[in-house]
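1. Okay, sequence plus prediction incoming.
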Amino acid sequence: MLVGREGRRRVVKSVDLASRKLGLRPGIPVARAQGLFPDLVLMDADPAGDQMGLEKLALWFQNRIAPIVAVDAPDGLVLDTTGADHLHGGELSMLEDMVHRMAAAGFRAKAVVAETWGAAHALARYGRAPVAVVSPGEVVSALADLPLEALRLSGMVVEGLAALGVSRIGSLAAMPRAPLALRFGPEVVCRLDQAFGRLTEAIVPVRPVVPVEVSRNFAEPIGAAETIARYIGKLVPLLCQRLEERGQGVRCLDLVLYRVDSRTEAIRVATAMPVRDVKRLTRLLCGKIETVDPGFGIERMVLTASLAEPMDRRQTVSSLISVEEADVSDLIDTLANRVGAQALYRFAPVESDLPERSFCRVHALAPEETEDWPGHWPRPTRLLARPEPVQAMAELPDQPPLFFIWRGVRRKVKCADGPERVFGEWWKNDAELTIARDYFRVEDTSGERFWLYRAGDGEHGETGSQRWFLHGIFG
């Protein structure tokens with residue numbers, strides 16, 4: 001348990017799962033807890049260290065998930081993922097990835113997407129599901145069965161309401177507002193309105209140390225897409241100029257738009273490599289304007305290079321001396337910001353004789369590998385996700401099949417080449433010690449070419465099932 005001070009009293013600040021099962025809760029006096037369980041292990045709380053750790057975690061999420069991230073003390077973060085969730089495969093996939101990353105780092109976490117900060121805070125801490133997405137309009141019903149502590153009310157207010165027999169948010173929301181405000185002050189009504197979206201709650205995002213940032217304030221609020229695009233075109237050159245002074249290029253760019261009703265809209269674009277090309281960044285940002293809801297108008301725009309990396313100053317080479325290489329990074333960035341970076345990849349060779357293990361997915365702009373697929377045996381242009389069984393007949397074990405039946409179609413073999421014998425990787429799996437495959441390239445009478453193999457050497461049963469499979473198709 002972690003303990004700290006509230007005035008002159010030493011109270012419990014945090015408990016682990018074992019202490020919670022014993023009935024201990026944060027806020028009880030330390031003397032009472034020790035009287036009940038003398039063998040408790042107590043440690044002094046470090047609020048300053050916890051705050052610093054949350055801020056570092058918020059910066060980590062800001063660079064990878066969403067541009068607007070703030071600390072939700074004492075044990076959480078709040079993110080505005082508007083305009084960024086599609087980069088992670090949607091809201092549910094984004095939450096699952098966040099929880100998985102935290103689990104890999106040794107932390108148990110819960111994540112919720114809701115319309116308001118208050119609702120997300122309540123469901124993440126007091127809801128049952130580790131990951132949840134609350135649809136618009138369902139906040140009231142989702143919060144109804146949660147305890148009053150989920151509303152971030154002070155302990156005195158919760159105790160006062162409990163004395164009246166009110167312990168759930170749904171019961172509290174059904175009570176008249178005027179008597180509540182008269183008896184408990186404005187806190188109860190304020191927290192209810194924040195949770196249900198009647199009162200806005202600004203999220204002040206954390207910022208890394210001295211980010212490259214430019215901003216523009218407007219005397220009259222703007223709202224038209226053409227106007228927003230025009231001012232994006234004015235902010236991006238200023239940002240690129242400051243990046244050039246630092247010798248940096250942007251990898252993650254955030255545009256935060258502050259509306260007159262205290263709400264914020266955000267646009268995030270990412271690049272595969274450091275960039276400070278004005279036209280490219282302007283085009284990427286303007287392509288996301290349709291996701292912005294200007295409301296009653298935008299009064300301020302802030303453009304921030306939330307992730308910047310060193311960028312070399314390359315000397316321009318004359319086209320008379322050498323041919324400039326094609327740059328596809330602009331196309332990669334455009335596609336990645338539309339469909340998500342996970343949807344773009346290329347295949348790279350892996351040192352393995354088994355075809356299904358001889359490649360892996362890498363980033364679309366990953367550096368070229370020195371290894372290549374073996375060239376002494378041709379490989380099909382299309383490799384099936386899983387080898388499909390076929391019916392085939394061969395005269396001898398080392399000869400190709402005379403015919404094969406695949407997907408109900410009988411194909412007579414006109415010519416063939418092989419066999420190419422491939423053995424299992426015995427150093428990975430004991431079951432592959434004796435496994436072998438014989439691959440054949442065959443062409444049927446219609447001119448189509450296929451890649452077939454027999455699971456085994458055709459003679460010894462321990463080498464495989466001796467069945468035939470289709471593994472690839474030649475173009």
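-> That came through, no problem. Owing to the predicted nature of the structure, the values given are computational and were not obtained by experimental measurement.
2. For Cys415, what are phi and psi?
-> When read as degrees, to the nearest 10, the backbone of Cys415 gives phi -150, psi 160.
3. my guess is it meets Glu443, correct?
-> Yes. Cys415 lies in contact with Glu443 (CB atoms under 8 Å); the separation is 5.2 Å. Bear in mind the C-beta positions are built from the backbone N, C-alpha and C, glycine included.
4. quick check: domain ranges of this protein?
-> Listed by automatic domain parsing, the domain ranges of the chain are 2-45, 48-196, 212-310, 382-473.
5. do you know which of the ones you listed lies nearest Gly340?
-> The minimum distance between Gly340 and the domains of the chain falls on domain 48-196, with 5.2 Å, by CB to CB.
6. For that closest one, what is the distance to the chain centroid?
-> Distance of domain 48-196 from the chain centroid (CA atoms, centre = their mean, to the nearest Å) equals 20 Å.
7. Rounded mean pLDDT for that domain, please.
-> Domain 48-196 carries an average pLDDT of 92.
8. Show the end-to-end separation of it, please.
-> 31 Å (CA to CA, to the nearest Å).
9. same check, this time on stretch 195-205
-> One end of stretch 195-205 to the other measures 19 Å (CA to CA).
10. and that stretch, how far out from the chain's middle?
-> The answer for stretch 195-205 is 24 Å, by CA atoms, centre = their mean.
11. Assumed Gly23 was part of a strand.
-> No. Gly23 is assigned coil when assessed by DSSP: H, G, I helix; E, B strand; the rest coil, not a strand.
12. and it, how many neighbours?
-> By other CB atoms under 10 Å, the residues close to Gly23 number 11.
13. same deal with Glu159?
-> Look at Glu159: counted by other CB under 10 Å, it has 11 neighbours.
14. residues contacting Leu307?
-> For Leu307, the contacting residues are 63, 250-252, by CB atoms under 8 Å, 6 or more residues apart in numbering.
15. Could you do Val275 as well?
-> 249-251, 281, 311, 329, 333.
16. just to revisit the earlier point, ok, so of the contacts of Leu307, who is nearest Phe218?
-> Val250 (24.0 Å).
17. quick one: the closest one and Leu303, what's the gap?
-> 10 Å (CB to CB, to the nearest Å).
18. do the same with Arg216
-> Per CB to CB, Arg216 is found 8 Å from Leu303.
19. ok, the two, which is more surrounded?
-> Legend: neighbour count by other CB under 10 Å for Arg216 and Leu303, higher for Leu303 (25 against 16).
20. And the pLDDT for the nearest residue to that one once chain neighbours are set aside?
-> Distance criterion CB to CB, 6 or more residues apart in numbering; nearest residue to Leu303, sequence neighbours excluded, is Leu235 at 4.5 Å. With respect to pLDDT, Leu235 scores 96.
21. who's in contact with Leu235?
-> Applying CB under 8 Å, 6+ apart, we find Leu235 in contact with 214-216, 255, 301, 303.
22. likewise Val250?
-> Applying CB under 8 Å, 6+ apart to Val250 gives the contacts 212, 239, 243, 271, 274-276, 281, 305, 307-308.
23. And the furthest pair within those?
-> Pairwise distances across these (CB to CB) peak at 14.3 Å, for the pair Val212 and Thr271.
24. Between these two, which has more neighbouring residues?
-> Thr271 (25 against 21).
25. How far off centre is the helix or strand harbouring that one?
-> Following DSSP states H and E, one finds Thr271 within strand 264-275. Centre-to-centre, strand 264-275 and its host chain are 15 Å apart (CA atoms, centre = their mean).
26. Give the buried residues for stretch 468-475.
-> Buried residues in stretch 468-475, defined by neighbour count with 16 or more other CB atoms under 10 Å: 468-472.
27. Dump those residues into JSON lines; add pLDDT, distance to Glu462 and secondary structure as well.
-> Below are the buried residues of stretch 468-475 laid out as JSON lines (pLDDT from 0 to 100; distance: CB to CB, whole Å; DSSP: H, G, I helix; E, B strand; the rest coil):
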{"residue": "Trp468", "pLDDT": "94", "distance to Glu462": "18", "secondary structure": "strand"}
{"residue": "Phe469", "pLDDT": "96", "distance to Glu462": "18", "secondary structure": "strand"}
{"residue": "Leu470", "pLDDT": "95", "distance to Glu462": "24", "secondary structure": "strand"}
{"residue": "His471", "pLDDT": "94", "distance to Glu462": "21", "secondary structure": "strand"}
{"residue": "Gly472", "pLDDT": "92", "distance to Glu462": "26", "secondary structure": "strand"}
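28. Which single one of these is nearest to Val3?
-> Among the buried residues of stretch 468-475, and counting by CB to CB, the member closest to Val3 is His471, at 63.7 Å.
29. so what's the closest residue to Leu92 other than its chain neighbours up against?
-> Spatial nearest neighbour of Leu92, excluding adjacent residues (CB to CB, 6+ apart): Val133 at 5.5 Å. Taking CB under 8 Å, 6+ apart, we find Val133 in contact with 91-92, 95, 112-113.
30. Try it again at 10 Å.
-> By CB atoms under 10 Å, 6 or more residues apart in numbering, Val133 lies in contact with 85, 90-92, 94-95, 111-114.
31. quick revisit: of all pairs in the contacts of Leu307, which one is the farthest apart?
-> Top of the distance list for these (CB to CB): Asn63 and Val250, 12.1 Å.
32. which residues do these two both contact?
-> Joint contacts of Asn63 and Val250 (CB under 10 Å, 6+ apart) are 270, 306-307.
33. any idea which residue of this protein is furthest from its center?
-> Using CA atoms, centre = their mean, the residue of the chain lying farthest from its centre is Glu395. It sits 54.4 Å away.
34. Count the neighbours of the closest residue to that residue other than its chain neighbours for me.
-> Take Glu395 and drop its neighbours on the chain: the residue closest to it by CB to CB, 6+ apart is Leu402, 6.8 Å away. Leu402 has 13 neighbours, counted by other CB under 10 Å.
35. tell me the contacts of Leu402?
-> By CB under 10 Å, 6+ apart, the neighbours of Leu402 are 392-395, 412-413, 416, 442.
36. helix or strand for it, which one?
-> Going by DSSP H and E, Leu402 is part of strand 401-406.
37. and that strand, which strands flank it?
-> Strand pairing for strand 401-406, determined by DSSP bridges: strand 382-394 (antiparallel), strand 409-423 (antiparallel).
38. for that strand, what is the average pLDDT?
-> Strand 401-406 carries an average pLDDT of 94.
39. Kindly format the C-alpha coordinates of that strand as PDB.
-> Coordinates of each C-alpha in strand 401-406 appear next as PDB, following Å, rounded to 0.1, in the frame of the first residue of the first chain:
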ATOM      1  CA  PRO A 401       2.400 -36.000 -61.600                       C
ATOM      2  CA  LEU A 402       0.700 -37.000 -64.800                       C
ATOM      3  CA  PHE A 403      -2.400 -35.000 -63.800                       C
ATOM      4  CA  PHE A 404      -3.900 -33.300 -60.800                       C
ATOM      5  CA  ILE A 405      -7.300 -32.200 -59.700                       C
ATOM      6  CA  TRP A 406      -7.600 -28.700 -58.000                       C
END
